[in-house]
Every structure is written in C-alpha cells, then in structure tokens.
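Enquirer: Make a model of this:
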Amino acid sequence: MAALYIIKGAMTAIKHALQRDIFTPNDERLLSIVNVCKAGKKKKNCFLCATVTTERPVQVKVVKVKKSDKGDFYKRQTAWELRELAVVDAKDANKENPEFDLHFEKVYKWVASSTAEKNSFISYIWKLNQRYLRKKIDFVNVSSQLLEGETDYLFYFCKESVPSGENQSVAGGDEETLDDYQELNTREEQDIEIMMEGCEYAISNAEAFAEKLSSELQVLDGANIQSIMASEKQVNTLMQLLDEALNEVDTIEGKLSSYEEMLQSVKEQMDQISQSNHLIQLSNTNNVRLLDEIEFLVNHMDLSKGHIKALQDGDLSSSKGIEACTDAAEALLQCMNVALRPGHDKLHAVKQQQHLFNDLREQFARRLTNHLNNVFVHQLLFHILRTIQYFNCLCFPQGHDQSATLAQHSVELSLPKHNPLHRDLLRYAKLMEWLKNTQCEKYEGLTGNYVDYIARLYEREIKDFFEVAKIKMTGTTKEGKKFGLHGSSGKLTGSTSSLNKLPIQGGGSRRSQSSSLLDMGNMSASDLDVADRTKFDKIFEQVLSELEPLCLAEQDFISKFFKLQQQPSMLGSTAVDGEEVDGAVPSRHVSVGGERPQSATSEKEMVRLMMNKIFHCIEVELNNLIALGDKIDSFNSLYMLVKMSHHVWTAENVDPASYLSTTLGNVLVTVKRNFDKCISNQIKQMEEVKISKKSKVGILPFVTGIEQFAELAETIFRNAERRGDLDKAYVKLIRAVYFNVEKVANESQKTPRDVVMMENFHHIFSTLSRLKISCLETERKEAKYKYTDHLQSYVIYSLGQPLEKLNHFFEGVEARVAQGVREEEVSYQLAFNKQELRKVIKEYPGKEVKKGLDNLYKKVDKHLCEEENLLQVVWHSMQDEFIRQYKHFVGLIGRCYPGSGITMDFTIQDILEYFSSIAQSH
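Expert: Residues are numbered from 1 along each chain as shown. Next comes the predicted model:
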C-alpha cells in the first residue's frame with residue numbers, strides 16, 4: 001500500500017508540472033495522464049494526456065508529451081482531437097495487460113508503465129466520450145466494471161483534482177474526488193495551533209496528546225451517534241425529502257433531455273439553412289462569373305457587321321476603302337488572337353465564331369492577294385511602256401538622224417523614278433503586315449510575285465540605261481561599233497557580252513586599247529584627250545549617282561511594304577549561288593516566293609536577298625561598263641577607283657550589310673583589279689621598251705609618262721578615300737622606272753650611261769619635288785642622289801685629263817712622296833727636276849688649253865638632250881672640276897719646287913674667261 005502511495009505521489013508531481021508548464025499557458029486543463037512507450041520499439045517513454053479547454057466551446061484532445069533530451073523539462077509533441085479517435089482497444093478485458101491501441105487516422109500501439117495507469121486513462125476517455133461525443137468511440141476488450149468506474153484501481157488513481165486545491169468540475173459540472181494529499185489551509189493551521197496551545201504536553205508527549213485527541217474524538221463520535229439516534233424521525237423526514245428531490249431531479253433531467261433533443265433538431269435545421277445559404281451564395285457567385293465570361297466573349301470575339309462587310313466586299317482600290325479594310329482586318333486579327341480562358345474553346349458558340357473568323361480571314365486574304373497581284377501586273381505594264389518611250393526619246397529624239405551622236409542629242413542621263421508606284425503600293429502596307437501575321441504562305445507568294453515582276457521591269461530599265469551610258473562614253477555610233485555597240489531599228493539592242501570580244505585597236509584608232517606611260521610621254525596635252533577622260537568621269541559618276549538612290553528607294557520601300565524590320569522573318573532563307581572572289585561578297589541569285597526559302601537569319605538579310613533578285617543585273621552591267629571604260633582608256637580605272645570607293649564608303653556608312661554596299665563592294669574589287677592590272681601593264685611596257693642605237697637617248701618616254709601619270713593621279717585622287725592604293729602604285733611604278741632607266745642606260749650605245757642616268761633622274765627629281773608626293777619622299781631623295789652622283793661621274797669622265805702630260809708628271813711626284821721622299825727633295829730626283837717641270841709646262845700654253853675645252857664643250861653638247869637643258873649645269877661643273885685640278889697642280893709646285901719661280905702659263909682668271917667665252921660662243 002505504501003508503494004502505491006509513492007507511485008501516486010510521483011505521478012501527481014508530474015501532473016502538476018505538466019499542468020503548470022504546458023497546458024495552463026494554452027488555457028487547457030489536464031484530466032488524466034499515462035506513462036507509455038511505443039510497442040515493439042526501443043523504449044522511449046512519453047506521456048499521453050487527456051485535456052479539455054477552459055473556454056467554450058470545449059475542445060477535448062489527446063496530447064503526446066515528451067521529456068526533452070537536453071534538459072529536465074517537457075515539450076508538447078503531438079495533439080489529436082478526441083473526435084478523431086475511432087477505437088480504443090485494451091487488448092484483453094480479463095487479464096492485466098499494459099498494452100492498448102488508439103485508432104486515429106492510423107493505429108497507434110502503446111505500452112503503459114502499469115495496467116492501473118492504462119485503466120485509469122481509458123476510464124477517463126470513456127467519461128469524456130459519454131459527455132462530449134455522445135458515445136461515438138468504440139471501446140474494445142474493455143471490462144464493463146472499468147467503464148462503470150467500480151474497479152479497485154479507481155480507489156487509488158481515479159480521484160483527480162485541479163492543482164492549488166481549487167474545487168473545479170470537468171467542463172460540465174461533474175464533481176471530482178479530492179486527491180489523498182491536501183495542504184492545510186490557513187484556518188486549519190490556526191485551529192491546530194490553538195489546540196496545541198491548550199495542551200501543555202502536545203509537543204513534549206505526542207503520544208499522550210494523540211491519546212487525548214483520540215479519547216476526545218471517541219466522545220464526540222458517541223455524542224454524534226446518540227444525536228443521530230435521537231433524531232431518527234428527522235432523518236426519515238430528510239430521507240423522504242431526498243427521495244422527493246431525486247424524483248424532481250429525474251423530472252428535470254427528462255425535461256432537459258427533451259430540450260436537448262429539441263435543440264439538436266433546431267441545430268440540424270440551422271445547419272440545413274446554413275447549407276442552403278451557402279448554395280445560394282455559390283449560385284450567385286457562379287452567375288456573376290458566368291456573366292463575366294459572357295461579357296468577355298462578347299467584348300473580345302464580336303466583329304461588327306461593318307467590319308464583316310468590309311472584309312467581304314470592301315473596295316481595295318480607293319483610299320477610303322483601303323482604310324476601312326485595314327481597320328476591319330486589324331479588328332479581325334484582334335478577335336482571332338484573343339487569349340481564351342480555360343474551357344472557352346469547348347463552347348459551341350466560340351467554335352462557331354472562330355470558324356467564322358477563319359472563313360473571313362481566308363476570304364479576305366484571297367481577295368487581297370488577287371488584288372495586289374493585279375496591281376503588280378498593271379503597274380509593271382504601265383512602267384514598261386513608260387520606260388520604252390523614255391529611252392527611245394532619250395536615244396533618238398524626233399527630227400534627228402538615229403545614227404547621230406548621243407552626246408549631241410540626248411538629254412541628261414537618268415533612270416526612271418518609281419516613286420509613284422511605291423506611293424501607290426504603300427497604301428497597302430498595313431494590310432501586308434496583317435497578311436504576314438495571318439497568312440504566311442500568301443504573304444510569301446505575294447513577295448515572290450512582286451520580286452519577279454519588279455525584277456523584269458528593273459532589268460529592262462537598267463540594261464537600256466547602261467546601253468545609253470556606253471554610247472555616251474564611246475561618242476558617235478560609228479566609233480561605238482569599235483567597242484562592240486550597235487543600234488538596230490531605232491532601239492537599243494547592244495549586247496553587253498560583246499565586250500568580251502573587243503578587238504585590240506591599232507595605232508590609228510581614236511584611242512589605243514590600253515593607254516600607257518609611253519603613250520603619255522609621247523603625246524601632247526591635247527593628244528591625251530583630257531576632255532574625253534573628264535566626260536567619262538562625269539558619265540560614270542552619273543551612272544553611280546542614278547543607281548544609288550534607285551537601290552536605296554527600292555530597299556526602303558521593300559522594308560516598309562513587306563514589314564521586314566519589325567519581327568523575325570517568316571520567309572526562311574533563300575538559295576544563294578555564287579563564288580567568293582578575292583574575299584569579296586559573292587554575287588547572289590535569290591529565289592523568293594515561288595520556292596519556300598530555307599533559312600534566313602534576319603529580316604535585313606531577307607531584304608538584301610530580295611534586292612539581289614530584283615537588281616541581279618546591276619553587278620553584271622557595272623562590270624561590263626567598267627570593262628568598256630578600261631578598253632577605251634586603261635587610265636579610266638583611276639577615275640573609276642575613286643568614284644567607286646567614294647560610293648562604297650557612303651553606302652557602308654548608311655548600312656554595311658545593305659545590298660548596295662555589298663554590290664558596290666564586289667564591283668570595287670573588279671575596279672581595283674583593273675587598276676592593279678593597269679599599273680602592272682605600265683611596268684611591263686617599261687620593261688619591253690627598246691631604244692634606238694643611232695640617236696641619243698634623252699629623257700625616256702616612261703619617265704615623262706610617270707610625270708604625266710602623277711599629275712593626272714594627283715588631280716583624280718585629291719581628297720579620295722583610297723589614297724593608299726595610289727601610294728602603293730606610285731612606289732611600284734617609281735621603282736620600275738628606276739630599274740628600267742638603269743637598264744636602258746646600261747644598254748645605251750650612242751649616249752653615255754652617266755648622261756642617261758643623270759638626265760632622267762634629274763627629271764624625276766624635279767617632278768617629285770614639284771608634285772610633293774609624301775609617300776615618294778624617299779624615292780625623291782634617291783633620285784637626287786643618283787642625279788648628283790652620275791653628274792659628277794660624267795664630269796670627271798668627260799673632263800678626263802685635259803693637261804695629260806702635266807697630270808702624269810705630278811702623279812709621279814705624288815708617288816715619290818708616297819714612297820717616303822720629302823716634298824722639298826723631289827726636285828732633286830732626276831726625272832722630276834725643275835728642267836723637266838718647265839718642259840712639261842711649256843707644252844700647255846693658254847691657247848691650247850682653250851682649244852681643248854672648246855672641243856670638250858662640243859662633245860658634251862652632243863651627249864645631252866635639249867629637253868632637260870642640263871648643258872650649262874654640266875659645263876659649270878666641268879669648270880669647277882678644272883679649277884680644282886689647276887689648284888692642285890699649283891699647290892704641288894709650291895710645295896715641291898719652292899723658290900724655283902716656276903708657274904703655269906695661264907691663271908684661274910684665264911680659265912674662267914675660257915669657259916665663259918666658249919659657253920657664249922655656242
């Protein structure tokens with residue numbers, strides 16, 4: 001029995017701790033507790049607690065509480081509502097078994113620390129079920145005695161009370177038995193103290209005090225029994241009253257039960273009313289949503305009758321009709337592109353409306369495509385007729401002979417403008433955008449048809465335009481035939497392929513097949529036909545100036561009309577043929593529309609490919625025109641290089657990837673090749689030059705030619721973008737000139753080598769100094785050095801030893817000095833004494849010296865050419881050289897024959913008079 005009290009005390013302490021720490025903060029009251037662990041697993045003890053809330057409505061829970069591993073406190077782990085408990089299984093109703101199961105959403109198997117605790121917990125669950133759940137929980141394998149609360153275990157463990165000694169009931173007023181242990185209140189403590197104070201030996205002799213209290217208690221008990229026995233009648237009356245009270249209680253309980261049933265019925269009715277209200281509210285919500293969906297469909301998928309009429313029968317010829325059709329098409333596109341909400345596509349009305357939209361789209365797209373195709377055809381025929389009239393009037397004005405020169409009778413060279421066509425078609429731009437977004441195949445078909453139609457028109461216009469330009473370049477029709485151009489029946493039928501079969505013209509033709517530096521050197525300024533070159537330059541510039549706005553206008557129209565700058569391309573790619581030449585962009589032949597393109601990377605690329613198809617003949621015609629200009633005069637390549645470079649630079653600044661930029665870039669490669677070929681031909685002709693063996697050389701023709709070429713090139717390339725190409729050509733040409741001048745000088749028989757080198761390099765130096773070409777500064781200095789060097793060499797060679805014997809004499813003197821003989825002792829040498837010196841000096845009187853110099857002047861005059869006028873320069877250099885030799889001889893006489901009194905028969909003044917009189921006499 002003592003052990004039971006100890007266990008009971010421990011559980012009571014735990015219960016107080018759990019109530020204080022866990023349930024009181026949550027406004028809950030702890031009613032029962034059992035120490036359990038899970039069945040079949042490692043024993044980890046926890047507590048199952050039955051609790052109720054202190055506030056209404058009352059909530060009954062089963063809470064799992066676990067002791068923390070890190071400290072001596074408890075924590076709430078899991079909680080179940082009691083109404084979720086379906087079955088309580090005690091395992092065995094007859095035998096003591098601590099195991100039991102609780103069936104919530106799943107079965108939880110527990111093992112209690114003792115059977116008594118298990119039974120106490122199950123008993124409380126049964127009471128709570130009876131009170132709050134109206135017997136909804138099934139109790140399996142539980143004895144009826146346990147459920148009725150009559151077991152001995154309840155004597156010890158089922159008497160629960162609320163902490164702090166308060167007298168409380170369980171959520172409905174059920175009184176609970178007190179705990180065995182209760183603390184004394186203040187009044188009880190005071191009564192005990194008074195009692196002990198009244199007995200002197202209460203503390204010193206506790207047993208006597210206890211016996212005294214016991215005897216007094218017995219006296220009181222006896223008195224109580226006598227009093228009870230004396231009041232039997234009163235007791236009977238009291239018992240009768242109690243019976244009557246019990247009957248009243250039963251009556252009241254019956255009424256309460258009936259009231260409760262009535263309230264339950266009312267509750268069920270209220271639940272039904274609440275459910276009905278919920279259904280009504282749900283119905284209203286659904287109606288609102290349905291109305292919203294209907295309004296959405298009506299607002300977004302309703303096309304007005306006016307728009308439908310415009311799509312079916314709208315006038316696509318007038319501006320007003322086009323505007324109405326455009327608005328209708330945009331409205332149709334908005335209706336078709338509306339983002340339907342989930343489930344809309346299953347509605348019959350929506351399907352019917354979508355079918356109507358598809359029919360309208362197909363019908364209008366077909367009508368629009370047919371109309372635009374007709375517009376393309378009519379415009380093409382109109383512009384072809386206009387072009388024929390334009391070029392016939394341009395080439396053969398009325399009242400003139402058709403064989404007359406175009407340069408005399410034609411108006412300004414220009415291409416027909418297509419602005420009216422573009423302006424008329426741009427009215428349909430928005431409709432084309434609609435067609436692109438809705439009918440890709442028809443859009444591609446229209447694109448292909450437009451490209452095909454307009455390509456034919458441009459091909460005819462451009463070919464006729466280039467034929468006129470070629471005739472204007474070649475002059476009269478008679479001379480034009482020399483270059484493969486011919487007329488027939490008053491129309492231009494020149495074949496551009498005939499340029500490939502041009503014959504090489506002879507020397508008697510208007511212009512040689514290929515101009516050269518030799519020709520430039522042999523021709524006068526009038527022979528160079530500067531006017532013809534200027535005319536060619538103007539015509540070529542006019543051709544490029546006409547092509548550039550034409551291509552830009554067409555490209556701008558294509559971008560706007562076909563909407564190729566806003567969204568990713570729908571057309572795919574195009575088939576591109578051609579070979580890459582010298583790193584240039586290859587020519588491309590584009591298939592658009594008829595065959596589905598394969599993979600275009602961008603809409604700009606698509607625009608360029610369409611432009612390639614439309615203007616596929618421009619590059620060919622430009623190349624043929626360039627070939628013609630090169631055959632007329634190879635130096636025309638200089639003009640073409642400058643003009644073409646400028647137009648390429650301009651086009652690249654506008655759009656580096658445009659068709660115009662690409663095409664002109666390809667043509668520029670051809671022009672650059674012709675330019676390089678022209679330079680190579682000049683060098684080759686220099687190498688093949690032959691000189692006459694019977695006449696003096698003079699200034700070589702290619703030396704004069706390089707001067708004329710430089711003057712022409714500097715005029716053409718002033719402020720040009722491709723100056724670097726000319727600088728490279730200059731270096732190649734001047735190096736070739738230097739090499740071939742030296743080659744001719746070495747082969748010359750009539751003219752001394754030094755004279756050829758001196759005259760030509762002097763001419764080159766003068767030319768480069770005058771033109772001030774910065775890239776040839778090194779070559780200019782080299783030319784000056786070569787000229788000076790060969791002048792000095794020629795002077796020394798030609799002057800030779802005019803006082804030959806005197807020269808030999810003094811050479812011997814210098815040899816003796818070099819051998820170690822002192823200068824003042826040379827006169828003692830037998831061969832070089834004073835008598836020998838006087839003898840040699842007498843052989844060169846002034847008259848003989850002047851005669852020798854006169855013969856030398858005549859010889860130099862025969863060697864030098866009149867063009868360069870270097871005779872006086874050479875004669876002055878010879879004078880200086882002669883004086884230098886004279887001073888050298890006089891110095892030797894003074895040093896080697898001092899005091900001898902020997903002098904020359906002439907003085908420096910006499911030499912100056914000799915040279916001056918000889919120069920003046922000739």
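Enquirer: ok, for residue 114, nearest residue in space, not its chain neighbours?
Expert: residue 98 (6.3 Å; CB to CB, 6 or more residues apart in numbering). C-betas here are computed from N, CA, C, even on glycine.
Enquirer: how about the one you found, what does it touch?
Expert: Residue 98 makes contact with 111-115, 117-118, according to CB atoms under 8 Å, 6 or more residues apart in numbering.
Enquirer: how about a cut-off of 7 Å?
Expert: Contacts for residue 98 (CB atoms under 7 Å, 6 or more residues apart in numbering) come out as 111-112, 114-115, 118.
Enquirer: Going by neighbour count, which of these comes out on top?
Expert: residue 118 (26 neighbours; other CB atoms under 10 Å).
Enquirer: isn't it right up against residue 32?
Expert: No - counting by CB atoms under 7 Å, residue 118 stays clear of residue 32, with 10.8 Å between them.
Enquirer: Just the residues contacting stretch 74-84, thanks.
Expert: In contact with stretch 74-84 (CB under 7 Å, 6+ apart) are residues 18, 21-22, 60-68, 104-105, 128, 133.
Enquirer: quick one: the helices in the stretch 201-350 of the chain?
Expert: Here the stretch 201-350 of the chain has its helices, by DSSP state H, counting those that start in this stretch, at 206-230, 232-300, 305-313, 319-336, 348-395.
Enquirer: Output the contacting helices and strands for the strand of greatest length in the chain.
Expert: Assignment by DSSP state E gives strand 28-38 as the longest strand of the chain. If you count contacts as 3 or more CB pairs under 7 Å, 6 or more residues apart in numbering; DSSP states H and E, strand 28-38 packs onto helix 2-18, strand 46-53, strand 107-112, helix 115-128.
Enquirer: Can you report how many residues lie near the residue lying closest to residue 372 once chain neighbours are set aside?
Expert: Leaving out its chain neighbours, the residue that sits closest to residue 372 by CB to CB, 6+ apart is residue 446, at 5.7 Å. Residue 446 has 24 neighbours, counted by other CB under 10 Å.
Enquirer: thinking again about what came up before, specify which member of the contacts of stretch 74-84 is nearest to residue 236.
Expert: In terms of CB to CB, no member of the contacts of stretch 74-84 lies closer to residue 236 than residue 128, at 39.4 Å.
Enquirer: picking that back up, just put the contacts of residue 98 in a markdown table and tack on distance to residue 617 and pLDDT.
Expert: What follows is the contacts of residue 98, written out as a markdown table (distance: CB to CB, whole Å; pLDDT from 0 to 100):
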| residue | distance to residue 617 | pLDDT |
| --- | --- | --- |
| 111 | 102 | 91 |
| 112 | 105 | 91 |
| 114 | 111 | 87 |
| 115 | 112 | 89 |
| 118 | 107 | 90 |
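Enquirer: what's the closest of these to residue 197?
Expert: residue 114 (45.3 Å).
Enquirer: Show me where the stretch 101-250 of the chain dips below the pLDDT cut-off.
Expert: 135, 148-184 (pLDDT under 70).
Enquirer: Then the chain?
Expert: For the chain (pLDDT under 70), the answer is 1-10, 41-43, 71, 135, 148-184, 383-384, 386-412, 475-529, 565-601, 801-802.
Enquirer: What are the boundaries of the strands in it?
Expert: Counting by DSSP E, the strands of the chain are 28-38, 46-53, 60-67, 74-81, 87-89, 99-103, 107-112, 138-140, 169-170, 174-175, 487-488, 491-492.
Enquirer: and the closest residue to residue 745 other than its chain neighbours, how many residues sit next to it?
Expert: Closest residue to residue 745 apart from its sequence neighbours, by CB to CB, 6+ apart: residue 756 at 3.8 Å. Residue 756 has 28 neighbours, counted by other CB under 10 Å.
Enquirer: now swap in residue 306 and tell me
Expert: 13.
Enquirer: ok so, going back, for the contacts of stretch 74-84, which single residue is the most surrounded?
Expert: residue 128 (24 neighbours).
Enquirer: measure that one to residue 30 for me?
Expert: 13 Å (CB to CB, to the nearest Å).
Enquirer: Next: residue 63.
Expert: Counting by CB to CB, the gap from residue 63 to residue 30 is 9 Å.
Enquirer: which residues are common contacts for these two?
Expert: 49, 51.
Enquirer: what comes up buried for stretch 825-836?
Expert: 826-827, 832 (16 or more other CB atoms under 10 Å).
Enquirer: hang on, the earlier thing: now the two most distant members of the contacts of stretch 74-84.
Expert: Longest span within these, CB to CB: 68 and 133, 32.5 Å.
Enquirer: which residue ends up closest to the midpoint of this structure in space?
Expert: residue 602 (12.5 Å; CA atoms, centre = their mean).
Enquirer: give me the number of residues near residue 91?
Expert: 17.
Enquirer: hang on, isn't it packed against residue 102?
Expert: No - counting by CB under 7 Å, residue 91 sits too far from residue 102 to count as a contact (11.9 Å).
Enquirer: would CSV of the helices and strands packed on strand 28-38 with distance to residue 376 be doable?
Expert: Output for the helices and strands packed on strand 28-38, formatted as CSV (distance: least, CB to CB, whole Å):
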stretch, distance to residue 376
helix 2-18, 95
strand 46-53, 88
strand 107-112, 85
helix 115-128, 93
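Enquirer: So which of those is nearest residue 611?
Expert: Closest among the helices and strands packed on strand 28-38, using CB to CB: strand 107-112, at 82.5 Å.
Enquirer: From the chain's centroid, how far away is that closest one?
Expert: Computed by CA atoms, centre = their mean, to the nearest Å, the chain-centroid distance of strand 107-112 equals 69 Å.
Enquirer: Export only the CA atoms of it, formatted as CSV.
Expert: Taking C-alpha atoms only, strand 107-112 is exported to CSV below (Å, rounded to 0.1, in the frame of the first residue of the first chain):
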residue,chain,number,x,y,z
VAL,A,107,-3.4,2.8,-35.4
TYR,A,108,-1.0,3.8,-32.6
LYS,A,109,0.2,1.0,-30.4
TRP,A,110,1.2,1.8,-26.8
VAL,A,111,2.5,0.0,-23.7
ALA,A,112,1.7,1.7,-20.4
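Enquirer: Show residues contacting that strand.
Expert: Taking CB under 7 Å, 6+ apart as the rule, strand 107-112 contacts 34-39, 48, 98-102, 118.
Enquirer: out of the residues you listed, which one sits closest to residue 345?
Expert: residue 102 (52.2 Å).
Enquirer: any idea how far that closest one lies from residue 75?
Expert: Distance of residue 102 to residue 75, given as CB to CB: 20 Å.
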